[in-house]
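Peer 1: no FASTA, just this:
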Ligand SMILES: [Zn+2]
């Protein structure tokens, strides 16, 4: 019998990770006055019912970025906070004509065809509310009473990507802005500075990172994300600016039928158990034609 319900883990006091069948995480932060849901999953469960089983407080919903695995169930909620620059992706990210193929494709991406999950058509629930989009910007604070959650901007994986720092659990909830699937199509110099700002907070405003996905590379766990990934990404994009980056080719496992894409190779050699290989990390998301902001002096940050 395979798993048919999302896994819910308490990762800190009053702080819950909801893992949707290995695909993606959403987080519920329960405060003394209000609660906060970070991200709205993919679409294979009643996320709203899970949230309301974890908190009786009024709650807000804030979305890191408008991709289908993070905004997928936003129409289960009356209103969500989302950065303006993400709105254009919503017709794709939260569309209602959604089926099990998405699960199979994304399962292949995130956990490598694991068969611990049993997801069926009847579990699909993207909601149908006419959801109001509220603005979400750098510096916005969700005051939950005994804890405050601050929004920070880190474009790259998506143009209006936001991450959150919770001063209660001292956790950074980083969505997809600094995990093994991160990079930027925008200026590398800005990406480096934004990552450095995140790194500078480590040990000062937060001690642990939880990303949008805890099952990359075939591990099913709820460990804090390795802070070194932020340093590796900074170094990778610095090498791109310096002109000594190492490139490789890679078949994107989400689309194995497509030709291999050019990737930035970086970091130490690591194991990829579900792909049965080892090697450096690969970043297919970079733009060699947009290394600097317009008019910016070419000094590697
Ligand atoms: Zn994601």
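Peer 2: Received it, and whenever you're ready, just let me know what you need. This structure is a prediction, so every number in the text was calculated from the model and none was measured. Numbers count the residues shown, from 1 in each chain.
Peer 1: residues from the stretch 151-300 of the chain in reach of the ion?
Peer 2: 176, 212 (C-beta under 5 Å from the ion). Where you see a C-beta, it was placed from the backbone N, CA and C, and this is true even at glycine.
Peer 1: Go again with 6 Å.
Peer 2: Applying C-beta under 6 Å from the ion, we find that the stretch 151-300 of the chain lies next to the ion at 176, 212, 213.
Peer 1: With secondary structure and pLDDT as added columns, please give those in a markdown table.
Peer 2: Shown next, in a markdown table, are these (DSSP: H, G, I helix; E, B strand; the rest coil; pLDDT from 0 to 100):
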| residue | secondary structure | pLDDT |
| --- | --- | --- |
| 176 | coil | 95 |
| 212 | coil | 93 |
| 213 | coil | 87 |
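Peer 1: export these to JSON lines and tack on neighbour count?
Peer 2: Shown next, in JSON lines, are these (neighbours: other C-beta atoms under 10 Å):
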{"residue": "176", "neighbour count": "25"}
{"residue": "212", "neighbour count": "30"}
{"residue": "213", "neighbour count": "24"}
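Peer 1: Phi first, then psi, for residue 100.
Peer 2: Residue 100 adopts backbone torsions of phi -70, psi -20, taken as degrees, to the nearest 10.
Peer 1: Make sure it is actually in contact with residue 121.
Peer 2: Yes: using C-beta atoms under 8 Å, residue 100 makes contact with residue 121 at a distance of 5.7 Å.
Peer 1: which one of those two has more residues nearby?
Peer 2: residue 100 (13 against 9; other C-beta atoms under 10 Å).
Peer 1: The ion versus that one, what's the distance?
Peer 2: Between residue 100 and the ion the distance is 18 Å, computed by C-beta to the ion, to the nearest Å.
Peer 1: Likewise for residue 294?
Peer 2: The value you get for residue 294 to the ion, if C-beta to the ion is used, is 29 Å.
Peer 1: Next, count neighbours for that residue.
Peer 2: Around residue 294 there are 6 residues (other C-beta under 10 Å).
Peer 1: so where's the stretch 151-300 of the chain uncertain?
Peer 2: 215-220, 253-254, 272-275 (pLDDT under 70).
Peer 1: biggest helix in the protein by residues?
Peer 2: Counting by DSSP state H, the longest helix found in the chain is helix 228-242.
Peer 1: Show me what the next helix or strand after that helix is packed up against.
Peer 2: Using DSSP states H and E, the next helix or strand after helix 228-242 towards the C-terminus is strand 246-250. In terms of contacts (3 or more C-beta pairs under 8 Å, 6 or more residues apart in numbering; DSSP states H and E), strand 246-250 is packed against strand 261-272, strand 277-283.
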